[in-house]
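Engineer: output the structure for:
(chains A and B)
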Amino acid sequence: MKKRLGNTTDKLPSVLVLLLIVAVWELICVSGMVPSYMLPSPVDVAAAFINDFPTLMLHAATTLQEAAWGLLAGILLAFVMATAMDRFEVLAKAFYPLMIITQTIPTIAIAPLLVLWMGFGMMPKITLVVITTFFPITVGLLDGFRGVDADAVRLMRSMGAGRAQIFWHVKLPEAMPQFFSGLKISASYAVVGAVISEWLGGFEGLGVYMTRVKKAYAFDKMFAVIILIVVISLLLMALVNDLRNLSMPWTRLQKTEKQTAERRNKNAA
Amino acid sequence: MERHLLEARHITKAYGDRTIIRDISICLDKGELVSLLGLSGSGKTTLFHVLSGLTVPQEGKVLLDGAEITGKPGAVSYMLQKDLLFAHKKVIDNVSLPLVLKGVPRKEARKITDPLFAQFGLEGTQYQYPAQLSGGMRQRAAFLRTYLSAAWSGKGTADDPGDFPKKASGVALLDEPFSALDTITKNQMHAWYLDMMGRIDLSTLFITHDIDEAVMLSDRIYLMTGSPGVIMNEIRILPQRSARTDFNLTQQFLDYKKQIIRILEQVQTAQAAGAAQAESRKRQME
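Structural biologist: Numbers count the residues shown, from 1 in each chain, chains lettered A, B, ... in the order given. Sure thing, here's the model as predicted:
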């Protein structure tokens, strides 16, 4: 109960600022400073969102599928790469620079190429999502693997542990915090990546819908899509957070212990 | 030649062109508690890395019960300076890790270690995480893990533990096991440790830089000094370990302490003189 209250007070400032921005936006629209065809009012956007809801959901389903498959493949690729690079220093030296190069390629530039190579279906979208999502996860995992205390490895070896056992019992669990930090970033990249690749061709998806309403100058619908994308990204990030807490119960425990200690100190003071 | 439980013969270990320890020979007999006492930088931890098989020395060999184990980790149990309990494992899984590593299924391993918790003063902490334990409890948990690592041969089950807890090697190396604790906890741990050692079948070699601790706990003390580190002296502490209540308040205790301090001081003066001599010689050369 107390924790709930604490959370609300934590989030209060950001919620207030958000409400303020929406209020100012509405005021600008109502006052007629900007014509409504250029900037729809929040109320118009909300109306568009409600009217278009079935269509939006249909397109969101496609985008979400692309994002999910891409993210899953990205995670898989990241695990393979980080594990191999941790095991063989040579591989790290060979592939790390290459990995960074893939991240400097602008998404928007490579997307049309992918469409040319793979057609208008889901494949090019998924590929693009993989390219954008595997990097933060790989780097997180690799840093996690390498950050393991040398003494912890010594202890394991002194107990007769082999390389695989050290990996399973120490390296992998100790890299989980970094893995989830990477995954959080990647989850938001995944949706954006899928949308961008849909801009450049496809039959369904939020990106396709976006280009369609843009061409019709239906800015209210455009804003509705943008807000939907934001909501989806936030939900995905929240999901990652929950997954993190579920799979690492010990970190949550340390936090609550610390909070109890702090509260006790405060009370004492 | 006399056969010891654990024996190091003429160990020399260097990293690059820096010799850390030179020509070190020590031994440990069954049931003994022997300490390596020395100032920091005398290569005690390096010697432990050699004894535990983590590194291979340039010269010399390590024998366990007569068989050579040089460079073979897993033969003797090693407790490092930090408690190194893994934050992501529950206490019972941390403690039974040596068994799991030897191929015992996790459930079995838990069943085997569970009864030992009471004996080690850890009752009720089995399914907590290490972050929930106090410093002294963490140390005891690390010690229980070390004990299991030394005492479990990897055969047998919970229902039929075979020769457990007879031993694999029964040898534990402890690197400053009590140094991270505050004085009161430390004293409690000393008493607990002496009591424990009387009840379980374990031979230990431990590193310390605390003279009181060494005299209080050991059967024998090796004094290690210098850079590269060598063994200067070997001191036998006479009173039986089981009869050492308030030993640290006796004259005999103080005499041992004085003896050790004197030796260490002599070494330091000799070293300083040697350094001064070398310095003046260098100046004359110029």
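Engineer: count of neighbours near residue 107?
Structural biologist: Because you didn't say which chain, this covers chain A. 17 (other C-beta atoms under 10 Å in any protein chain shown). Every residue, glycine included, has its C-beta placed from N, CA and C.
Engineer: try chain B instead
Structural biologist: Neighbour number of B:K107 under other C-beta under 10 Å is 10.
Engineer: show me where pLDDT drops low in chain B?
Structural biologist: Where chain B drops to pLDDT under 70, the residues are B:1, B:153-168, B:286.
Engineer: how about the strands in it?
Structural biologist: Here chain B has its strands, by DSSP state E, at B:6-15, B:18-28, B:33-38, B:59-64, B:67-68, B:77-79, B:171-175, B:203-208, B:220-225, B:230-236.
Engineer: closest one to chain A among those strands?
Structural biologist: Closest to chain A of the strands of chain B is strand B:77-79 (C-beta to the nearest C-beta; 3.9 Å).
Engineer: quick one: is that closest one near chain A?
Structural biologist: Yes - applying C-beta under 8 Å from any C-beta of the partner chain, one finds strand B:77-79 touching chain A at B:S77, B:Y78.
Engineer: on that earlier part again, would you format the strands of chain B as JSON lines with mean neighbour count included?
Structural biologist: Formatted as JSON lines, those follow (neighbours: other C-beta atoms under 10 Å in any protein chain shown):
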{"stretch": "strand B:6-15", "mean neighbour count": "18"}
{"stretch": "strand B:18-28", "mean neighbour count": "19"}
{"stretch": "strand B:33-38", "mean neighbour count": "25"}
{"stretch": "strand B:59-64", "mean neighbour count": "18"}
{"stretch": "strand B:67-68", "mean neighbour count": "10"}
{"stretch": "strand B:77-79", "mean neighbour count": "27"}
{"stretch": "strand B:171-175", "mean neighbour count": "24"}
{"stretch": "strand B:203-208", "mean neighbour count": "24"}
{"stretch": "strand B:220-225", "mean neighbour count": "22"}
{"stretch": "strand B:230-236", "mean neighbour count": "16"}
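Engineer: in chain B, which residue sits nearest chain A?
Structural biologist: For chain B, C-beta to the nearest C-beta, closest residue to chain A: B:G74, 2.7 Å.
Engineer: tell me the contacts of that residue?
Structural biologist: A:R157, A:S158, A:M159, A:G160, B:G53 (C-beta atoms under 8 Å, 6 or more residues apart in numbering or on different chains).
Engineer: could those be laid out in CSV, adding secondary structure, distance to A:L18 and neighbour count?
Structural biologist: Shown next, in CSV, are these (DSSP: H, G, I helix; E, B strand; the rest coil; distance: C-beta to C-beta, whole Å; neighbours: other C-beta atoms under 10 Å in any protein chain shown):
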residue, secondary structure, distance to A:L18, neighbour count
A:R157, helix, 53, 19
A:S158, helix, 55, 26
A:M159, coil, 53, 26
A:G160, coil, 57, 19
B:G53, coil, 61, 21
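Engineer: just these now: which is nearest B:Q81?
Structural biologist: Nearest to B:Q81, judged by C-beta to C-beta, of those is A:S158 at 12.8 Å.
Engineer: what's the offset of the lengthiest helix in chain A from the middle of its chain?
Structural biologist: In chain A, taking DSSP state H as the definition, the longest helix is helix A:53-87. Put simply, helix A:53-87 sits 10 Å off its chain's centre (C-alpha atoms, centre = their mean, to the nearest Å).
Engineer: and it, what does it pack against?
Structural biologist: Helix A:53-87 sits against helix A:89-104, helix A:123-146, helix A:172-199, helix A:206-215, helix A:219-247, with contacts defined as 3 or more C-beta pairs under 8 Å, 6 or more residues apart in numbering or on different chains; DSSP states H and E.
Engineer: go through the strands of chain B and name the closest to A:L142.
Structural biologist: The closest of the strands of chain B to A:L142 is strand B:6-15. By C-beta to C-beta, the value is 27.2 Å.
Engineer: which residues of the stretch 51-200 of chain B lie near chain A?
Structural biologist: Listed as neighbours of chain A in the stretch 51-200 of chain B under the rule C-beta under 8 Å from any C-beta: B:52-54, B:73-74, B:76-78, B:80-82, B:84, B:86-89, B:97-98, B:100-102, B:129, B:131-132, B:149.
Engineer: buried subset of those residues, written for ChimeraX?
Structural biologist: Here is the ChimeraX command that selects only those of those that count as buried (16 or more other C-beta atoms under 10 Å in any protein chain shown):
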select /B:52,53,54,73,74,76,77,78,80,84,86,88,89,97,98,100,101,102,129,149
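Engineer: give the contact list for A:L56.
Structural biologist: Applying C-beta under 8 Å, 6+ apart, we find A:L56 in contact with A:F49, A:L206, A:Y209, A:A224, A:V225, A:L228.
Engineer: B:V76 reaches B:A151, doesn't it?
Structural biologist: No - using C-beta atoms under 8 Å, B:V76 is not in contact with B:A151, being 11.5 Å away.
Engineer: and the longest helix of chain A, what's buried?
Structural biologist: Residues of helix A:53-87 classed as buried under the neighbour-count rule (16+ other C-beta under 10 Å) are A:56, A:59-60, A:62-71, A:73-75, A:77-79, A:81-83, A:85-86.
Engineer: any idea of the mean pLDDT for that helix?
Structural biologist: For helix A:53-87, mean pLDDT is 94.
Engineer: what angle do it and helix A:172-199 make?
Structural biologist: 140 degrees (axes from the mean of the first three to the mean of the last three C-alpha atoms, to 10 degrees).
Engineer: next, the angle helix A:219-247 makes with helix A:53-87.
Structural biologist: 40 degrees.
Engineer: got a list of what B:Y127 touches?
Structural biologist: B:K90, B:V91, B:I92.
Engineer: tell me the contacts of residue 82?
Structural biologist: Looking at chain A here, since you left the chain open. By C-beta under 8 Å, 6+ apart, the contact set of A:A82 is A:I137, A:T138, A:L141, A:L142, A:F145.
Engineer: to clarify, I was referring to chain B.
Structural biologist: B:K82 neighbours (C-beta under 8 Å, 6+ apart): A:D149, A:D151, B:A180.
Engineer: repeat that for B:P228.
Structural biologist: B:A14, B:T19, B:I20, B:I21, B:R22, B:G43.
Engineer: what about stretch A:128-146, near chain B?
Structural biologist: No - on the criterion C-beta under 8 Å from any C-beta, stretch A:128-146 is out of touch with chain B, staying 12.0 Å away.
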